[in-house]
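J.: This is a predicted model, with the sequence first.
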Amino acid sequence: MLKNQRCAMFVDVQNIFYGAQYEYKKMRSHHKKLRYEPKIDFAKLMHYCVGNRSLVRAICYIVVTDLKLQQNFISALKDIGYEIKTKQLIKRPDGSAKGNWDIGIAMDAIIISEVADVVILVSGDGDFASLVNYLKIAKGVKVEVSAFPNSTSQELKSVADEFIPLDEKYLLNYK
């Protein structure tokens, strides 16, 4: 990590949340005393991923199910320094639901890569492998992927310039 590098951070909140849940289940099988549902320490996450480099922008992408219930979480993220982008969960007539930010994250990463040396993608979603390749080849930026290893696509890990693994240290309420 070079101090003069400009970084942009893009956090796929739903993906990383489910990655934390998977990690928690794995930890719980080893540590029976764990009682809390996993919550990510987003301040520690930012510090870990950015380090002493210059942060251009950090954006969290959230699919909202109940804005009232999620307002405290959104406010806390803003206080840490994240920009927030929300999208309402779409419920279909057949009972299924849809809500993801893949295209929004990709578009923002491409646009913001013009003013960044490093793009940090916090997601384990293999759908981003093509984006990572594009950013590296067409935009000439370094791309780092950060996520929980067991819930990260192998393809995404392999195309990233660097994979930054997350573990229980990035969960709140973990002793």
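T.: Noted; the coordinates are in hand.

J.: For the lengthiest strand in the chain, give me every contacting residue.
T.: Ranked by residue count and defined by DSSP state E, the top strand of the chain is strand 54-64. By C-beta atoms under 8 Å, 6 or more residues apart in numbering, the residues outside strand 54-64 that reach it are 3-14, 42, 46, 50, 70, 74, 77, 81-89, 99-101, 104-105, 108, 112, 115-116. Where you see a C-beta, it was placed from the backbone N, CA and C, and this is true even at glycine.

J.: Sheet partners, orientation included, of it?
T.: Neighbouring strands of strand 54-64 in its sheet, by DSSP bridges, are strand 6-12 (parallel), strand 83-88 (parallel).

J.: Compare these and give me the one nearest Leu131.
T.: strand 6-12 (9.6 Å; C-beta to C-beta).

J.: Looking at the closest one now, give me its mean pLDDT.
T.: What strand 6-12 shows for mean pLDDT is 98.

J.: And it, what's buried?
T.: The neighbour-count check on strand 6-12 (16 or more other C-beta atoms under 10 Å) flags 7-12 as buried.

J.: cool, and stretch 69-84?
T.: Of the residues in stretch 69-84, those buried (16+ other C-beta under 10 Å) are 70, 74, 77, 80, 82, 84.

J.: Against which helices or strands is the helix or strand Gln70 falls within packed?
T.: If you go by DSSP states H and E, Gln70 is part of helix 67-80. When contacts are defined as 3 or more C-beta pairs under 8 Å, 6 or more residues apart in numbering; DSSP states H and E, helix 67-80 packs onto helix 42-50, strand 54-64, strand 83-88.

J.: Would you mind listing the outside residues contacting that helix?
T.: 42-43, 46, 60, 62, 64, 84, 86.

J.: Can you select the buried ones among those residues for me in ChimeraX?
T.: This is how ChimeraX selects the buried members of these, with burial counted by 16+ other C-beta under 10 Å:
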select :42,46,60,62,64,84
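
J.: Out of the contacts of helix 67-80, the closest to Tyr18 would be?
T.: Of those, the one sitting nearest to Tyr18 (C-beta to C-beta) turns out to be Ile62, at 13.2 Å.
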